[in-house]
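Enquirer: Turn this into a structure:
(one chain, ligands or ions: 3)
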Amino acid sequence: MENNISFQMKVETGDAGYVLEDVPHLTDYIPDLPTYPNPLRSNPAYSVVKQYFVDADDTVPQKVVVHKDGPRGIHFRRAGPRQRVYFAPDEVHAAIVTCGGLCPGLNTVIREIVCALYHMYGVTRVLGIDGGYRGFYSKNTVTLTPKVVNDIHKRGGTIIGTSRGGHDKPKIVDSIQDRGINQVYIIGGDGTQKGAAVIYQEVRKRGLKAVVAGIPKTIDNDIPVIDKSFGFDTAVEEAQRAINAAHVEAESAENGIGVVKLMGRYSGFIAMYATLASRDVDLCLIPESPFYLEGEGGLLEYVEKRLKDNGHMVIVVAEGAGQELLAADNLKTSTAKDASGNKLLQDVGLWISDKIKAHFAKIPSMPITLKYIDPTYMIRAVPSNASDNVYCTLLAQSCVHGVMAGYTGFTSGLVNGRQTYIPFNRITEKQNNVVITDRMWARLLSSTNQPSFLGPKDVIEVQKQEEPPTQLLDGDSSKTNDI
Ligand SMILES: Nc1ncnc2c1ncn2[C@@H]1O[C@H](COP(=O)(O)OP(=O)(O)OP(=O)(O)O)[C@@H](O)[C@H]1O
Ligand SMILES: O=P(O)(O)OC[C@H]1O[C@](O)(CO)[C@@H](O)[C@@H]1O
Ligand SMILES: [Mg+2]
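Expert: Ligands and ions are numbered 1, 2, ... in the order given. Model prediction:
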């Protein structure tokens, strides 16, 4: 067992400003572990694939846009099968858990972890932990086999259940230890990955030969570093149905207004992408972009103008937008939180709808018809679409390869279109938000033609709050921000 454990990131540097933010390995705290040839070597599906095994030195750059004289920058370890593995097939006892809110693709990831373990590595003991983190100590487990998971990817939700709260570190790690679990696959969002990091640290402190790996899940796309989280594409696609309905309703009435509220607690990616995809949206409101209602340049003035010009309009609002305005208006700030400590939000869609109705009630010459559509849970309870299904498969298989190779304390994630292993520290240190001074938000503003609601003074303020721009001035957020 290690005495002075350092959970600092493993960082390696090289020529020309090369930095590798590496992931931990079992051998960092258990030396002399036996290794085995990767069973994929004799698997007919893989043995013919040229360069199937990933070179130990392969890494993936975090930034692909570079300057001639700039440093090579941060890299992550490339995911994929290694020549040697640190588990014999009959030694593996794997567990899979899903935590946090639902997300399209959860079942696909579960299915593909089970199938990869069975079919690629000959593993036959895989457990599903029932109902999120608390399931480790308060619920039964489910035996997962390729037969059990065969067609689950066609269903929304998660067959092993999920929950918020209940992260009791000692009880969870006791359960891992008592059951002899040596591979833990943890599927969830930012909160879940923080929980996974804590479990990894405790497992390591106890000196257990047990790998802890995360797979990032969330429709909100608020996990940093990775290109995007699985389920996001499906959620954006499903949101189109609500926006289409709002548009049809708005177009068919005199001064018709359709208001659609979409999920996005702290990050407005779903609203932004759903708006960009639709082209029927006249106004998109997200948590990251402040707005105001009354007066010159305000939202109500814009709505009035749009109705005069077009006769109808569609507004998409992310659930986390304008919360400070609601609080000021209702004279109370909501301090309510869910079991995981996430802020419970007030209904901004309803509030905006009421404000617009009240405004036009004072203008008899402009009667309006407003329909408010709230498809919130519908966009995340559906099964994943084709592209998310493929993405989930790659994430799950990459994760299994990394775990079998003995890497631990990592999240499996796509960086610049390549599968990588990212240390938990990098995934949990901050949240991914829409950067409203980046090009993507500017593209949205020019697509909807909406005002930015920011004066020159506000822009300076926003720039101050946001991360200092990188040397390339392309923002440091996920690639979904800056394509
Ligand atoms: N800082 C933390 N330390 C340990 N556990 C945490 C932490 N934050 C959250 N968790 C646990 O992680 C689980 C999921 O967290 P949360 O409900 O915030 O969802 P999430 O993973 O962020 O997914 P999403 O936000 O997409 O629904 C919960 O069981 C919660 O107790
Ligand atoms: O009502 P629940 O299940 O707690 O989840 C709501 C939250 O979950 C999310 O979908 C993230 O998973 C947020 O967009 C939303 O605020
Ligand atoms: Mg979250």
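Enquirer: now the protein, which segments are flagged as low pLDDT?
Expert: Residues of the chain that meet the criterion pLDDT under 70 lie in 1-7, 331-333, 455-483.
Enquirer: 80 - rerun?
Expert: Within the chain, the segments meeting pLDDT under 80 span 1-8, 46-51, 330-334, 455-483.
Enquirer: Could you list the contact residues of it toward ligand 2?
Expert: Selection of the chain residues close to ligand 2 by Cβ under 6 Å from any ligand atom yields Gly100, Gly101, Gly189, Thr218, Ile219, Asp220, Met263, Gly264, Arg265, Glu319, Asp338, Arg380. For the C-beta atoms, the positions are set from N, CA and C on the backbone; glycine is no exception.
Enquirer: Kindly recompute the last result at 8 Å.
Expert: Within the chain, the residues that sit near ligand 2 (Cβ under 8 Å from any ligand atom) are 100-103, 164, 189, 218-220, 263-265, 270, 319-320, 338, 342, 345, 376-377, 380.
Enquirer: Throw together a PyMOL command that grabs the buried residues out of those.
Expert: One line in PyMOL is enough to select the buried ones among these; burial here means 16 or more other Cβ atoms under 10 Å:
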select buried, resi 100+101+102+103+164+189+218+219+220+263+264+265+270+319+320+342+345+376+380
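Enquirer: Contacting ligand 1 as well, which ones from the residues of the chain next to ligand 2?
Expert: Within these, those near ligand 1 by Cβ under 8 Å from any ligand atom are Gly100, Gly101, Leu102, Cys103, Arg164, Gly189, Thr218, Ile219, Asp220, Arg265, Asp338, Asn342.
Enquirer: and those, which of them are in helices?
Expert: In helices, judged by DSSP state H, none of these are found.
Enquirer: Tyr18 and Val66 touch, don't they?
Expert: No. In this structure Tyr18 lies outside contact range of Val66 using Cβ atoms under 8 Å: 11.8 Å.
Enquirer: tell me, what's touching those two both at once?
Expert: Common neighbours of Tyr18 and Val66, counting by Cβ atoms under 8 Å, 6 or more residues apart in numbering, are Arg72, Gly73.
Enquirer: How about the residues of the chain by ligand 1?
Expert: So the chain meets ligand 1 at 99-103, 132-134, 163-167, 169, 188-195, 197-198, 217-220, 222, 265, 338-342, 428 (Cβ under 8 Å from any ligand atom).
Enquirer: Identify those among the residues you listed that sit within strands.
Expert: Gly188 (DSSP state E).
Enquirer: near ligand 3, which of the residues of the chain next to ligand 1 show up?
Expert: Filtering the residues of the chain next to ligand 1 for neighbours of ligand 3 using Cβ under 5 Å from the ion leaves Gly189, Asp190, Gly191.
Enquirer: shouldn't the second one be in contact with Asp222?
Expert: Yes. With contact defined as Cβ under 8 Å, Asp190 counts as touching Asp222 (5.9 Å).
Enquirer: does His25 really touch Tyr407, like I thought?
Expert: Yes. If you go by Cβ under 8 Å, His25 and Tyr407 touch, sitting 5.5 Å apart.
Enquirer: Next up, the contacts around the closest residue to ligand 3 within the chain.
Expert: Closest contact between the chain and ligand 3, by Cβ to the ion, is at Gly189 (3.7 Å). Residues in contact with Gly189 (Cβ under 8 Å, 6+ apart) are Cys99, Gly100, Gly101, Cys103, Pro216, Lys217, Thr218, Asp220, Asp222, Ile223, Ser229.
Enquirer: same thing with Ile172?
Expert: Going by Cβ under 8 Å, 6+ apart, Ile172 touches Tyr133, Phe136, Tyr137, Ile199.
Enquirer: how about the CA coordinates for the one helix or strand it maps to, as PDB?
Expert: Applying DSSP states H and E as the criterion places Ile172 in helix 169-179. Output of helix 169-179 as PDB, limited to C-alpha atoms (Å, rounded to 0.1, in the frame of the first residue of the first chain):
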ATOM      1  CA  LYS A 169     -17.300   6.600  -0.500                       C
ATOM      2  CA  PRO A 170     -16.400   4.100   2.200                       C
ATOM      3  CA  LYS A 171     -19.600   2.100   1.600                       C
ATOM      4  CA  ILE A 172     -19.000   2.000  -2.200                       C
ATOM      5  CA  VAL A 173     -15.400   1.000  -1.900                       C
ATOM      6  CA  ASP A 174     -16.200  -1.600   0.800                       C
ATOM      7  CA  SER A 175     -18.700  -3.100  -1.600                       C
ATOM      8  CA  ILE A 176     -16.100  -3.200  -4.400                       C
ATOM      9  CA  GLN A 177     -13.600  -4.800  -2.100                       C
ATOM     10  CA  ASP A 178     -16.000  -7.300  -0.500                       C
ATOM     11  CA  ARG A 179     -17.400  -8.400  -3.800                       C
END
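Enquirer: how about that helix: buried residues?
Expert: Here helix 169-179 shows Ile172, Val173, Ser175, Ile176 as buried, counting by 16+ other Cβ under 10 Å.
Enquirer: Pipe the contacts of Ile172 into a markdown table and attach neighbour count per row.
Expert: What follows is these, written out as a markdown table (neighbours: other Cβ atoms under 10 Å):
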| residue | neighbour count |
| --- | --- |
| Tyr133 | 30 |
| Phe136 | 27 |
| Tyr137 | 16 |
| Ile199 | 24 |
